[in-house]
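K.L.:
From the sequence below, what's the structure:
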Amino acid sequence: MSNFLALIKRIDRFLDRHTGFCLLFALIIILRIPNFFEPYWYGDEAIYLTLGHALNQGEKLYTTIIDHKTPLIYYLAMVPNQFYFRLLNLFWMLTTTSLFFFFAKTLFKKENLALLASLIFIIFTTLPWLEGHLPNGELFVMGFVMAGAILFTRTSVFSNFISGKINLKNPKSENLLLLGSGMLMGLGVLTKVPAILDVAAFIAIAWLILMQQFFKHKNLGQVFMYLVYKMLFFGGGVLIALAASILYFVLRGQGADYLDYGLLYNFRYSQSWSHNFGSSFLNFAFSLIGKTLFLIIFVMLISLNVNQLSKRLQFIAIWFVAALYSVLLSSRPYPHYFIQMVPAFALLSVEMILSFGNLLKQRKIAAAKPLLVGISLYALTLYIMLSFGFRPYETAKYYQQFYRFATGQISRESYENSFDSLVAENRQVTTLIKEMGVERMFIWGTNPLLYAQSKTIPTSRFTVSFHIKDFNDYDRTFAQIEAEAPKLIIVMKNETQEFPALSEYLAKHYISNQEYQYMILYWRK
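P.N.:
Got it, this is the predicted structure:
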């Protein structure tokens, strides 16, 4: 009994010391409760789960089952079902938020400021505005990046930058920290390629140190060699992670496919969508070259003001713009792309509050420069969002609907059907698929939700028709259909592109005896 009371007292003391942190954890859990009651309705999640299930069944990633992202997100999706994937997402974000809190505390030196930054972080990575309530790749990337960032803060490179005082000592353990930091961020790149811009933001710290020394005219050569040496370990860690992934797929006989679909296709993907803004200047500004030039110019402007801006603001501003660049890589206005900006946005928001307070105290024009930087970045981001027609997901409606379901005002079926028009049909067809013992099938159209919900494997290398069209994979797909002769083929009614060989094949070998509002089922004769 005495041991139990002692344990209770220790827990009570812990809660007293870390009340704010525990409240943040509770907030994450509470806000994510509705997520566990959602149906299969979100396309990207369904693709991850479909590939994860296929990998569990022995399929080969990028060879017999393909999507265009780097591999870790699919291996993370090798879970029994959607519930476990969302449970993984919950624990991942609890860990990621903890890492962000400690990183913010290192930057701001005060726990209350770190708690404020973490609260902003939670709001934008948890609420539906940016699809943060779903297991998007950006959330998993963030975990690796923040873990790498924590290791980076333990190095002399980071302390030299923040303090402005150069210590050229080089303990071997520090090199291992930089190597480990790079490897963790490399895992982020292996989850989703745009994480390479997070890596660039931390490499920029070395550049800012060099610029500090350039204006001081002190030990420039020594500092340059020191930074090159340190960044070789950090960048080497990133390259080790990438090289390990290449070696893994080469040893499995999938090296060429991994190169084509897991790595190189991302360059093509980033250039496959363009907008016409009605101005040649704006069209150029949003092109890859234009965005790259803007990033370089911004870094140079920060570099020229290293003595006027705090070290912390220099880093946060560059990270913010680098993340914005990554959001715009593919020129698509998807809300979840903006999740990558949340860490820098949360830190910048706290920095702007501090800068505003400093301006009120000093009442000097020079003190307004940090605020000008922050306001400019906010305005730029808002302008880009409006230009791309960005629309955040409704948050109030999301929780209102869950409240109605939780209090019995609507049935579970009505609640699930409110997420997507396909949910009701997919539920019926999934029941039928399981009754008929279908393990592999082909869907001509876009409905990866049905693969994931029914735990079936596509009779195709791709989960959606737009990838077949994009890669002109008609002949290979049809050859696979002929070879496997799947028991069930489904044609989505909203698929506008003809697949002539498939249509003829269906007429000869399949019977269409079930038609729904959104799809037609063809059963093998």
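K.L.:
list the contacts for residue 341?
P.N.:
320, 323-324, 327, 381 (C-beta atoms under 8 Å, 6 or more residues apart in numbering). (C-beta placed from N, C-alpha, C; glycine too.)
K.L.:
will you turn the residues you listed into JSON lines that also has distance to residue 505, pLDDT and secondary structure?
P.N.:
Formatted as JSON lines, the contacts of residue 341 follow (distance: C-beta to C-beta, whole Å; pLDDT from 0 to 100; DSSP: H, G, I helix; E, B strand; the rest coil):
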{"residue": "320", "distance to residue 505": "52", "pLDDT": "97", "secondary structure": "helix"}
{"residue": "323", "distance to residue 505": "47", "pLDDT": "96", "secondary structure": "helix"}
{"residue": "324", "distance to residue 505": "47", "pLDDT": "95", "secondary structure": "helix"}
{"residue": "327", "distance to residue 505": "42", "pLDDT": "90", "secondary structure": "helix"}
{"residue": "381", "distance to residue 505": "49", "pLDDT": "92", "secondary structure": "helix"}
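K.L.:
and which of these is nearest to residue 257?
P.N.:
Distance to residue 257 across those (C-beta to C-beta) is lowest for residue 327, with 28.2 Å.
K.L.:
if we can go back for a sec, now the contacts of residue 341 as TSV including distance to residue 338 and neighbour count?
P.N.:
Converted to TSV, the contacts of residue 341 look like this (distance: C-beta to C-beta, whole Å; neighbours: other C-beta atoms under 10 Å):
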residue	distance to residue 338	neighbour count
320	12	25
323	9	27
324	9	23
327	6	26
381	8	19
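K.L.:
those helices in the stretch 401-525 of the chain, which residues are they?
P.N.:
For the stretch 401-525 of the chain, the helices defined by DSSP state H, counting those that start in this stretch cover 412-417, 423-435, 448-454, 465-470, 474-484, 500-509.
K.L.:
Packing partners of the first one?
P.N.:
Right, helix 412-417. If you count contacts as 3 or more C-beta pairs under 8 Å, 6 or more residues apart in numbering; DSSP states H and E, helix 412-417 packs onto helix 396-406, helix 423-435.
K.L.:
Worst mean pLDDT among the helices of the stretch 401-525 of the chain?
P.N.:
In terms of mean pLDDT, the lowest-scoring of the helices of the stretch 401-525 of the chain is helix 465-470 (a mean of 91).
K.L.:
just for the chain, where's the confidence low?
P.N.:
Where the chain drops to pLDDT under 70, the residues are 1-16, 267-275, 365-367.
K.L.:
Tell me where it has strands.
P.N.:
Counting by DSSP state E, the chain has strands at residues 440-444, 457-458, 488-492, 510-515, 519-524.
K.L.:
What helices and strands are in contact with the last one?
P.N.:
Put plainly, it is strand 519-524. So strand 519-524, by 3+ C-beta pairs under 8 Å, 6+ apart, packs with helix 423-435, strand 488-492, strand 510-515.
K.L.:
The ones you listed into a markdown table, with extra columns for mean neighbour count?
P.N.:
Output for those, formatted as a markdown table (neighbours: other C-beta atoms under 10 Å):
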| stretch | mean neighbour count |
| --- | --- |
| helix 423-435 | 17 |
| strand 488-492 | 21 |
| strand 510-515 | 13 |
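K.L.:
what about residue 391, how many neighbours?
P.N.:
The local packing of residue 391 (other C-beta atoms under 10 Å) involves 10 other residues.
K.L.:
tell me the contacts of residue 292?
P.N.:
Contacts of residue 292 (C-beta under 8 Å, 6+ apart): residue 325.
K.L.:
Need the residue closest to the centroid of the protein.
P.N.:
In the chain, the C-alpha closest to the average C-alpha coordinate belongs to residue 138, at a distance of 0.8 Å (C-alpha atoms, centre = their mean).
K.L.:
State which helix of the protein is the longest.
P.N.:
Looking across the chain with DSSP state H, the single longest helix is helix 220-251.
K.L.:
got a markdown table for the helices and strands packed on helix 412-417, with distance to residue 465 too?
P.N.:
Converted to a markdown table, the helices and strands packed on helix 412-417 look like this (distance: least, C-beta to C-beta, whole Å):
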| stretch | distance to residue 465 |
| --- | --- |
| helix 396-406 | 29 |
| helix 423-435 | 16 |
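K.L.:
Among these, which comes closest to residue 129?
P.N.:
Among those, helix 396-406 comes nearest to residue 129, with 9.6 Å by C-beta to C-beta.
K.L.:
Need the distance between the two termini of stretch 103-117.
P.N.:
Length of stretch 103-117, first residue to last, C-alpha to C-alpha, to the nearest Å: 10 Å.
K.L.:
What are the buried residues along it?
P.N.:
103-108, 113-117 (16 or more other C-beta atoms under 10 Å).
K.L.:
How far does stretch 207-216 sit from its chain's centre?
P.N.:
From the chain centre to the centre of stretch 207-216 is a distance of 33 Å (C-alpha atoms, centre = their mean, to the nearest Å).
K.L.:
what sits up against it?
P.N.:
Residues from elsewhere that reach stretch 207-216 (C-beta under 8 Å, 6+ apart): 157, 160-161, 164, 166, 219-220, 223-224, 227, 299, 302-304, 306-307, 311, 314-315, 318.
K.L.:
Which of the residues you listed fall within helices?
P.N.:
Those of those lying in helices (DSSP H): 157, 160-161, 220, 223-224, 227, 299, 302-304, 311, 314-315, 318.
K.L.:
nearest to residue 205, of the residues you listed?
P.N.:
residue 161 (5.0 Å).
K.L.:
Residue 97 and residue 26, how far apart?
P.N.:
Using C-beta to C-beta, to the nearest Å, residue 97 is found at 12 Å from residue 26.
K.L.:
Tell me which of the two has more neighbours.
P.N.:
Of the pair residue 97 and residue 26, residue 97 is the one with more neighbours under other C-beta under 10 Å, namely 24 against 10.
K.L.:
dump the residue contacts of the more buried one.
P.N.:
Counted by C-beta under 8 Å, 6+ apart, residue 97 has contacts 24-25, 28, 118, 121-122, 125.
K.L.:
Mind checking which of those residues land in helices?
P.N.:
The helices, defined by DSSP H, take in 24-25, 28, 118, 121-122, 125 from the contacts of residue 97.
K.L.:
Pick out the most distant pair among these.
P.N.:
Spatially, the most separated pair among these is 25 and 125, at 13.6 Å (C-beta to C-beta).
K.L.:
Tell me which of those two has more neighbours.
P.N.:
With neighbours defined as other C-beta under 10 Å, residue 25 and residue 125 compare such that residue 125 has more, 25 against 15.
K.L.:
was I right about that one contacting residue 131?
P.N.:
No. If you go by C-beta atoms under 8 Å, residue 125 and residue 131 don't touch, sitting 10.0 Å apart.
K.L.:
ok, now which ones touch residue 174?
P.N.:
By C-beta under 8 Å, 6+ apart, the contact set of residue 174 is 154-156.
K.L.:
Residue 156 is in contact with residue 167, isn't it?
P.N.:
Yes. Under the criterion of C-beta under 8 Å, residue 156 makes contact with residue 167 at 5.5 Å.
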